[in-house]
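A.B. asks: Structural data only, the sequence is not supplied:
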């Protein structure tokens, strides 16, 4: 895991809400030890490879039957998705009524556009309203994106992010059990229970954040954090935050994950603990928004 104090970019932390379509179907509950061995090929609506760039998940998608375009899978982004300004221009997409987006610190007005269709691995959704703004100018050429797929795109099934095999799949027939040690429940997406040493808290699980953890200074003081050093700024969607860094022994625990001696970012202004992509990328993660349950599987 990287411990460099370089500038970081949290791709799209947003409170923008969008409607989704729910389809009724029979569910197969994955039992106990089987929860992390769920076969993504069984009844999957799609199964595609992904690549990891600067800690984030990138997949190829088709928009309006054109492409492929590189999109990030961002569990920190609400709504159905985002269109980078470059894609909106290239496809001459119409700009619709303005919306609002919040990164948890500041709120900003944003333009909206609409995809006639968005397709990943043959799975297609149509008539999707998304935020459009310039994301890629803040990214390296390697990390440039055409858009983002938000968490509501997968609201009616189980999203399986298998980091060890670099595969992403989506399934409506699986259901996560409530009584498995690797399964956690949440109220707000995706704020999951996290313990740091003997302190119990919750953290937002965000695959769009290229960090291990970011925490408020108040939480850092509560866990008895050590000496802090100046670090680069953390750039949220609407805000830039001055941060510091420290090595925290932990252990950090959530679901089936456990980490010790982690380099964390600390900010006076950041509102909550964030669990970033650089710790998630060692695990298989199953997200069931219907039951508000997430499995974070221990590495084999």
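C.D. replies: On my side now, so go ahead. Keep in mind the model is a prediction, meaning the values are calculated, not measured.
A.B. asks: Pull up the distance across stretch 137-157, start to finish.
C.D. replies: End-to-end distance for stretch 137-157: 33 Å, by Cα to Cα, to the nearest Å.
A.B. asks: Repeat that for stretch 49-63.
C.D. replies: 18 Å.
A.B. asks: can you give me the helices for the stretch 101-250 of the chain?
C.D. replies: 217-222 (DSSP state H, counting those that start in this stretch).
A.B. asks: how about the strands in it?
C.D. replies: Using DSSP state E, counting those that start in this stretch, the strands of the stretch 101-250 of the chain run over 107-120, 123-133, 147-149, 158-162, 167-171, 174-175, 183-185, 191-196, 199-205, 213-216, 229-230, 234-235, 240-241, 244-248.
A.B. asks: what about those strands, which gets the closest to residue 44?
C.D. replies: strand 167-171 (4.7 Å; Cβ to Cβ). Every residue, glycine included, has its C-beta placed from N, CA and C.
A.B. asks: what's the angle between the closest one and strand 123-133?
C.D. replies: Relative orientation of strand 167-171 versus strand 123-133 (axes from the mean of the first three to the mean of the last three Cα atoms, to 10 degrees): 110 degrees.
A.B. asks: pLDDT averaged over strand 167-171, what's the number?
C.D. replies: Strand 167-171 carries an average pLDDT of 96.
A.B. asks: in this structure, which ranges drop under the pLDDT threshold?
C.D. replies: 1-33, 38-42, 98-108, 234-239 (pLDDT under 70).
A.B. asks: what's the domain layout of this protein?
C.D. replies: Taking automatic domain parsing as the domain assignment, the ranges for the chain are 8-17+40-172, 183-296.
A.B. asks: got TSV for those, with distance to residue 34 too?
C.D. replies: Below are the domains of the chain laid out as TSV (distance: least, Cβ to Cβ, whole Å):
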stretch	distance to residue 34
domain 8-17+40-172	12
domain 183-296	11
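A.B. asks: Nearest to residue 69, out of the strands of the stretch 101-250 of the chain?
C.D. replies: Closest among the strands of the stretch 101-250 of the chain, using Cβ to Cβ: strand 147-149, at 6.5 Å.
A.B. asks: What is that closest one packed up against?
C.D. replies: strand 56-63, strand 66-73, strand 81-84 (3 or more Cβ pairs under 8 Å, 6 or more residues apart in numbering; DSSP states H and E).
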